[in-house]
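>>> Next come a sequence and a model predicted from it.
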Amino acid sequence: MIAWTVSRWLLAAAAGDEAEFVVGDIEEEWSEIAAERGKWMAKRWLLAQALRSAAPLLGARVRSGEMTGVLIAGVLGSALPLWLCHRLWQFVASQIPFKDGTEREAWQLAVNLMVLCACAALAGLSTRTRSSAAAVAVAVAALASSTLWLIGAQPALYIFLALVAAPATVLAGGHWRRLR
């Protein structure tokens with residue numbers, strides 16, 4: 001039931017306080033569709049419904065002001081560190097005479113990932129509940145992907161690691177805070 005777990009997590013992260021009601025409604029519709037059309041069609045419907053519902057649910061939370069802290073944590077946890085590291089390496093490259101290109105070396109990308117993970121973990125420490133940590137993780141992933149897209153050409157492995165490591169460290173930071 002990977003589809004159900006992913007869909008439920010996405011809806012819970014997007015819905016916030018109303019997650020129980022949203023997931024409950026989706027469960028009812030899913031059971032009806034599974035009975036009428038089969039489980040395969042129900043899983044397909046479930047994933048599509050979760051993806052279609054996430055953006056409007058997040059939009060409603062942003063308009064209500066509930067997501068202000070999440071967006072700030074997302075910007076400080078991913079977009080700003082990625083952009084600042086990019087600007088730092090551009091400045092360093094501009095100071096080297098007769099530089100062949102602006103490609104980053106492996107150690108520079110590793111520094112970027114360490115800074116990103118540290119900032120994302122701090123964003124996770126700012127969360128109080130699992131649902132807020134999940135919301136920050138989604139915001140960090142979205143903002144990191146848009147920042148990486150704006151920055152331009154980067155190695156595929158670096159992009160993959162950034163998009164996996166940032167939300168993971170947010171969740172780890174939130175989990176660590178709850179353990180203390």
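That came through, no problem.
>>> Now for Val70: which residues touch it?
Shown in contact with Val70 (Cβ atoms under 8 Å, 6 or more residues apart in numbering): Arg61, Ser132, Ala135, Val136, Ala139. C-betas here are computed from N, CA, C, even on glycine.
>>> ok, which pair from these is furthest apart?
Farthest apart among the contacts of Val70 by Cβ to Cβ are Arg61 and Val136. That separation is 12.4 Å.
>>> Those two - which one has more neighbours?
Set Arg61 next to Val136 and count neighbours by other Cβ atoms under 10 Å: Val136 wins out with 30 against 20.
>>> circling back: now the contacts of Val70 in JSON lines, please, with extra columns for secondary structure.
Listed next are those as JSON lines, based on DSSP: H, G, I helix; E, B strand; the rest coil:
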{"residue": "Arg61", "secondary structure": "helix"}
{"residue": "Ser132", "secondary structure": "helix"}
{"residue": "Ala135", "secondary structure": "helix"}
{"residue": "Val136", "secondary structure": "helix"}
{"residue": "Ala139", "secondary structure": "helix"}
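>>> Show me the contact partners of stretch 42-51.
With Cβ under 8 Å, 6+ apart, stretch 42-51 has contacts from 3-4, 6-8, 10-11, 26, 29-31, 33-34.
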